[in-house]
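> got a predicted structure plus its sequence, pasted below:
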Amino acid sequence: MSYDFIRTLTQDVKTNIGKVIVGKEDVIDLLLIGLITSGHVLLEDVPGTGKTMLAKSFAKSLSLDFKRIQFTPDLLPSDLSGIHFYDQKRNDFVFRAGPLFTNLLLADEINRATPRTQSSLLECMEERQVSIDGETKTLDRPFMVIATQNPVEHQGTFPLPEAQLDRFLFKVRMGYPSQDEGMALLKRFKSEDPLARLEAIAGSAEIEAAQRAYATVPIHDDVLRYLLQLVERTRGREDVAIGVSPRGSQALLRAAQVHAVLKGRDFVAPDDVKAMAKPVMCHRLSLRGMARGAQGEAERIIEDIIKGTEVPAEAGLTVG
């Protein structure tokens, strides 16, 4: 099976986003992998690093329904899902859908909302459905949540619980731009906002075709066993309280399949697994003691696991 159309789709979207965002190609790749795998992405960094701008540029490049929610401490779960209200003209209760009923949802500063409101996303992120007043409503497909959050050390933030973090395919740090990127950014936004002129270049049909196709990318049993070894070695370590869950191992497999396609391969190689290991697994680790919540320490642990795990030989790995 040819996966060229997936590579063309992702490259076109990256080029379009590049009209607004300077650099950040690795982050854009992760957003695209999230979209194709029906996964969700958590963007974390200090305010002003372009998290919301990137999410908006990504959404405008796709002709999908898009909604944005600004999370605040007083936001209620019903503000997301919607409510039943009494319509006097109809003499009956009518459902008014909330912003969850969309294709792309930008949950801005998600960790400024209370845990109760954060948890209201659990069902829709995992099962693509919402339960309201005892009635289950199915969400449209594709459905993707792009959430932004400030570092947990900032005032007025509520750390996301482990169950919530496990629903995100990736957790990504934006990082500050380099000096050259900063100069290009200042020049680009000096006289106009390029986001206002951005047009959609892909629709739901192309995205759904990519979502169906990527799952057929073959992976050799030796590479699959290597992937499982990386996941299993996050469990039982003295510095890790909770290792990567089975949901995390499935996420790593899906991400590696799409990464292989983006790198021009029609099979999953060990390098694809290694490339996706940090963004998939770091936020799923619950660390002990002083290291708890430290992104850098989680990355060091994953690096140690990768270095200490034997990589399967390349010979014969092209067979699914």
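Structure's in. What do you need?
> can you list the low-confidence ranges for the stretch 101-250 of the chain?
In the predicted model, the stretch 101-250 of the chain carries pLDDT under 70 at residues 152-156.
> 90 - rerun?
101-142, 146-166, 172-205, 236-243 (pLDDT under 90).
> these two touch, right, E162 and H283?
No: at 9.4 Å, E162 and H283 do not qualify as touching, with contact defined as Cβ atoms under 8 Å. Where C-beta positions appear, they are placed from N, C-alpha and C, glycine not excepted.
> how far away is the residue lying closest to F71 once chain neighbours are set aside from S286?
The shortest distance from F71 to any non-neighbouring residue, by Cβ to Cβ, 6 or more residues apart in numbering, is to A113 (4.0 Å). Separation of A113 from S286 (Cβ to Cβ, to the nearest Å): 21 Å.
> the two: who's more crowded?
A113 (27 against 14; other Cβ atoms under 10 Å).
> just to revisit the earlier point, of E162 and H283, who's got more company?
Each of E162 and H283 has its neighbours counted (other Cβ under 10 Å); H283 has more, 24 against 14.
> which residues sit in contact with the residue positioned nearest the centre of the chain?
The centroid of the chain falls nearest to V41 when counting by Cα atoms, centre = their mean (1.6 Å). Neighbour list for V41: L30, L31, G34, M144, V145, I146, A147, F168, L169, F170, K171, V172 [criterion: Cβ atoms under 8 Å, 6 or more residues apart in numbering].
> and what of I302?
I302 neighbours (Cβ under 8 Å, 6+ apart): L230, T234, A277, K278, M281, C282, L285.
> do that again at 6 Å, thanks
By Cβ atoms under 6 Å, 6 or more residues apart in numbering, the contact set of I302 is A277, K278, M281, C282.
> please apply the same query to E109.
F71.
> state the helix or strand in which the nearest residue to K274 once chain neighbours are set aside lies.
Using Cβ to Cβ, 6+ apart and skipping the chain neighbours, the partner closest in space to K274 is I306 (5.7 Å). Assigned by DSSP states H and E, I306 belongs to helix 295-307.
> in the stretch 1-150 of the chain, which spans are strands?
41-44, 66-70, 82-87, 92-97, 104-108, 129-132, 135-138, 144-149 (DSSP state E, counting those that start in this stretch).
> now the ones you listed as CSV including distance to E192?
Output for the strands of the stretch 1-150 of the chain, formatted as CSV (distance: least, Cβ to Cβ, whole Å):
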stretch, distance to E192
strand 41-44, 25
strand 66-70, 22
strand 82-87, 36
strand 92-97, 35
strand 104-108, 22
strand 129-132, 39
strand 135-138, 41
strand 144-149, 24
